[in-house]
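J.: prediction below, plus the sequence it came from.
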Amino acid sequence: MSIHVLMRRLEDFEGPRLVPLGANLFGASFFLMKLLPARFMLERAVEQGRLRPGGTICESSSGTFGLALAMLAVQHGYRLILVSDWALDRHLHRRLVELGAEVTVVDSPAPSGGLQQARLDRLHEYLRDISGSYWPSQYDNRDNPLSYGKIAEQLIDRVGRLDCLVGPVGSGGSMSGTSRYLRTLFPELHAIGVDTPSSVLFGQPSGKLNLSGLGGNILPGNVEHSQFDEVHWLTPAEVFDATHQLHREHGLFMGPTSGAAYRVAEWWSRNNPDKKVVVLFPDEGHRYVETVYDQQWLATVAGWPGPLRANPVTVGAPTEPMPAWSRFGWGRRTLEEVLAQAGRE
């Protein structure tokens, strides 16, 4: 049986359920969205001779991309080494080990780039020491956004014409890739990225991040800034509140990145009732049972339980302090263009 046939055993889990959330608002709810880019990257690596049978995959991940790689590696006989940090949920850690992954947890941040850079430094040690090892490099691998052509096609088939796409931004692959493909048919598509304060992805000064899967202290090459019409930043308390709202009101038990995207999409849809909106929900909430869905843990979160903003405040530049939900009109510009304008004002 070919590697392509083997890898497609998990394809049924790659696509989303389309869930109506309002008159013109739809949630694209994934079991594990990162399965799609992970499979696509591995298939391309096999085709190009960069990943050989029984080879070693090395990656930096504290979340769902690592889980997707582990699921694929155990099916196809690859060795998997994951470098992670404190954000790795203990139940996910146990699951990764059960799947045969070798997990290294980095505790000390690098002087520049924080824990993400420290993880990359350790990763490069493995790549140097293990001959023929393969690094998917989800943050900079162009096969990541390319893989989302499949999702764009599914959305068009099920929803038809789309006016707005909303989604969280971490590696940049899902929003950058899906919006690019959708705009081949719908050039006026309004794309909204969702980030968190202290994340460098859209120009905030780097700081401590308390949200797994959202934002980052290192700018990924796969964040194509010119795809975004506007960007929103939500604090952890706002994200967790929205995650609970999504569960209570729609029965969708999702992770916090989904909650963040839902808060923004619901607001935008409410203010644009004639526009058809799809919001991306990347993963389910099972690995957040002891955190986001635990009231004792939530009591330790700054700003919980509120009061919280019901609407975003529009800021003049993405570099401004953002103590609560904020938005900025990005206007499909590059990061350099936006920051240059901010510096002139």
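T.: Received the coordinates, thanks. Owing to the predicted nature of the structure, the values given are computational and were not obtained by experimental measurement. Numbering: from 1, shown residues only.

J.: for the rest of this, base every contact and every neighbour count on C-alpha atoms.
T.: Fine.

J.: list the contacts for residue 36?
T.: Residue 36 sits next to 11, 14, 15, 147, 148 when contact means CA atoms under 8 Å, 6 or more residues apart in numbering.

J.: most surrounded residue in the residues you listed?
T.: Within these, residue 148 tops the neighbour count with 25 neighbours, counted by other CA atoms under 10 Å.

J.: so what's it up against?
T.: Applying CA under 8 Å, 6+ apart, the residues near residue 148 are 36, 37, 173, 174, 177, 178, 181.

J.: now do the fourth one, the pLDDT please.
T.: Model confidence at residue 174, expressed as pLDDT, equals 97.

J.: try the last one
T.: The score at residue 181 is 98. That number is its pLDDT.

J.: show me how far stretch 171-179 is from its chain's centre.
T.: On the basis of CA atoms, centre = their mean, to the nearest Å, stretch 171-179 is displaced by 9 Å from the centre of the chain it belongs to.

J.: can I get it as CSV, trimmed to CA atoms?
T.: The C-alpha atoms that make up stretch 171-179 are tabulated as CSV, following Å, rounded to 0.1, in the frame of the first residue of the first chain:
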residue,chain,number,x,y,z
SER,A,171,1.2,29.7,12.5
GLY,A,172,-0.7,31.8,9.9
GLY,A,173,-1.4,28.9,7.7
SER,A,174,-5.2,28.5,8.0
MET,A,175,-6.3,32.1,7.6
SER,A,176,-3.7,33.1,5.1
GLY,A,177,-4.2,30.0,3.0
THR,A,178,-8.0,29.8,3.1
SER,A,179,-8.6,33.5,2.4
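
J.: need the residues that contact that stretch.
T.: 138-140, 144-149, 151-152, 165-169, 189, 191, 193, 220-225, 227.

J.: so which of those belong to helices?
T.: 144, 145, 146, 149, 151, 152 (DSSP state H).

J.: what comes up buried for stretch 62-76?
T.: 62, 63, 64, 65, 66, 67, 68, 69, 70, 71, 72, 73 (16 or more other CA atoms under 10 Å).

J.: show me what contacts residue 146?
T.: Contacts of residue 146 (CA under 8 Å, 6+ apart): 173, 177.

J.: going forward can the numbers begin at 29, since that is how I track them
T.: Happy to do that; since the first residue is 29 now, the last one works out to residue 174.

J.: report pLDDT for it.
T.: In this model, residue 174 carries a pLDDT of 97.

J.: same check on residue 31?
T.: 42.

J.: how about the contacts made by the residue most central in space within the chain?
T.: Nearest to the geometric centre of the chain sits residue 198, at 4.1 Å (CA atoms, centre = their mean). Counting by CA under 8 Å, 6+ apart, residue 198 touches 223, 241, 242, 243, 244.

J.: do that again at 10 Å, thanks
T.: Each residue near residue 198 by CA atoms under 10 Å, 6 or more residues apart in numbering is listed here: 167, 221-223, 227, 229, 240-244, 247-248, 250-251, 285.

J.: quick one: it from residue 182, how far?
T.: Distance, residue 198 to residue 182, using CA to CA, to the nearest Å: 22 Å.

J.: then residue 355?
T.: When residue 355 is compared with residue 182 (using CA to CA), they lie 29 Å apart.

J.: residue 88 now?
T.: Per CA to CA, residue 88 is found 29 Å from residue 182.

J.: of these two, which one has the most company?
T.: Comparing residue 88 with residue 182 by other CA under 10 Å, the one with more neighbours is residue 88, at 29 against 15.

J.: picking that back up, please indicate which of the contacts of residue 176 are buried?
T.: Buried members of the contacts of residue 176, counted by 16+ other CA under 10 Å: 64, 65, 201, 202, 205, 206, 209.
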